[in-house]
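*Asks:* missing the sequence, but the structure's below:
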């Protein structure tokens, strides 16, 4: 196996095989060759987007599927389904995003072992090549084959020590199995040992497909935040976070619905002890675990962002846009327009992510 140094040398200047998924950014004027800058109190701030997607079409092709099959229905036509490297940089510059932490939404949790090993390896290698070639613009979260925890542990070690990944991207569950299941404990132990950030990006729940039918794209609008809410709640109530107190978790979409109604969790076992396991003795109130986690800022109003900060702590928030999907194409402006101090805005836009991801400012 080649070393991390050898890999980076080999990858320098290489970005082939990586394309970015999604659509062009509407409503933002962009002058060729210029980058929107964020200045706070005369200080140029390096903005870091913790929540940005891409895809590796060759990895999807290994499965025999059309690469477009993994994309969200929010993408619009072939011209907007895959964005090439130069287009991504122009979009980032137009939004005032200096760096993106790239992640790939898991679509491989149901694959058999040999195939998923190849898919994950290709994705991690291609992302690492891109980041090594453009370290001023990109870092990346590794993919893991979580359905095979022993394989995932080995992939995690390789991703961090050879490919210089800055964390791992995981879903909201693994083919219906919660992250709190003991089978995943070796993965969380390794992540804790290496100080790795886990970026949770949800999907929907197949068992609710019938209820999501109808107008409004409810499988995403409701289903994605609900998926995160369930995942985090299990990690709390099953005692997983007590077993791995050093685990670093960042949740997309502001943590789903949980921070908006978290205090109810503090009362559930008091109201209905029969529905709680007397053998699981949590070390803190459920709401207190939220202040040990991190969240992106992808909520939709200044008041929502203020409330999220009040619940989890402003020092736990990081800029997230969900690019290239059109949920939030003004993530920087969203933070700047919300009721925070300049230093708090700088933390959300830059310093918190830089510390967690090992980015030099």
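*Replies:* Nice, thanks for sending it over. Because the structure is predicted, anything quoted here is derived from the model rather than measured.
*Asks:* list the neighbours of stretch 256-269 that are in contact with it.
*Replies:* Contact with stretch 256-269 is made by 202, 224-229, 232-233, 236-237, 275-276, 285-287, 290, 295, 307-308, 311-312, as judged by C-beta atoms under 8 Å, 6 or more residues apart in numbering. For the C-beta atoms, the positions are set from N, CA and C on the backbone; glycine is no exception.
*Asks:* can you pull out the helices in the stretch 151-300 of the chain?
*Replies:* Under the criterion DSSP state H, counting those that start in this stretch, the stretch 151-300 of the chain carries helices at the ranges 185-194, 209-212, 218-221, 223-237, 240-243, 268-271, 286-290.
*Asks:* in this structure, where is pLDDT below threshold?
*Replies:* By pLDDT under 70, the low-scoring segments of the chain are 1-33, 72-84.
*Asks:* go again with 80.
*Replies:* 1-33, 67-85 (pLDDT under 80).
*Asks:* quick one: list the elements packing against the biggest helix by length in it.
*Replies:* Longest helix of the chain, by residue count under DSSP state H: helix 113-133. Judged by 3 or more C-beta pairs under 8 Å, 6 or more residues apart in numbering; DSSP states H and E, helix 113-133 is in contact with helix 4-11, helix 57-61, strand 99-103, strand 138-142, helix 149-161.
*Asks:* and that helix, which residues are buried?
*Replies:* 116-117, 119-133 (16 or more other C-beta atoms under 10 Å).
*Asks:* same deal with stretch 260-276?
*Replies:* 262, 265, 269.
*Asks:* let me know the outermost residue of the chain.
*Replies:* residue 274 (35.1 Å; C-alpha atoms, centre = their mean).
*Asks:* returning to what we had before: export the helices and strands packed on helix 113-133 to a markdown table and tack on mean neighbour count and distance to residue 341?
*Replies:* Shown next, in a markdown table, are these (neighbours: other C-beta atoms under 10 Å; distance: least, C-beta to C-beta, whole Å):
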| stretch | mean neighbour count | distance to residue 341 |
| --- | --- | --- |
| helix 4-11 | 14 | 38 |
| helix 57-61 | 19 | 43 |
| strand 99-103 | 25 | 23 |
| strand 138-142 | 26 | 27 |
| helix 149-161 | 19 | 34 |
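*Asks:* what are the bridge partners for residue 140, then?
*Replies:* residue 102 (DSSP bridges).
*Asks:* pick out the residue closest to the middle of this structure.
*Replies:* For the chain, the residue nearest the mean C-alpha position is residue 199 (3.9 Å; C-alpha atoms, centre = their mean).
*Asks:* give me every residue that touches that residue.
*Replies:* 50-51, 101, 103, 141, 167-170, 250, 252 are the contacts of residue 199 under C-beta under 8 Å, 6+ apart.
*Asks:* re earlier: and the helices of the stretch 151-300 of the chain as a markdown table, adding distance to residue 330?
*Replies:* Listed next are the helices of the stretch 151-300 of the chain as a markdown table, based on distance: least, C-beta to C-beta, whole Å:
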| stretch | distance to residue 330 |
| --- | --- |
| helix 185-194 | 32 |
| helix 209-212 | 28 |
| helix 218-221 | 19 |
| helix 223-237 | 20 |
| helix 240-243 | 33 |
| helix 268-271 | 37 |
| helix 286-290 | 26 |
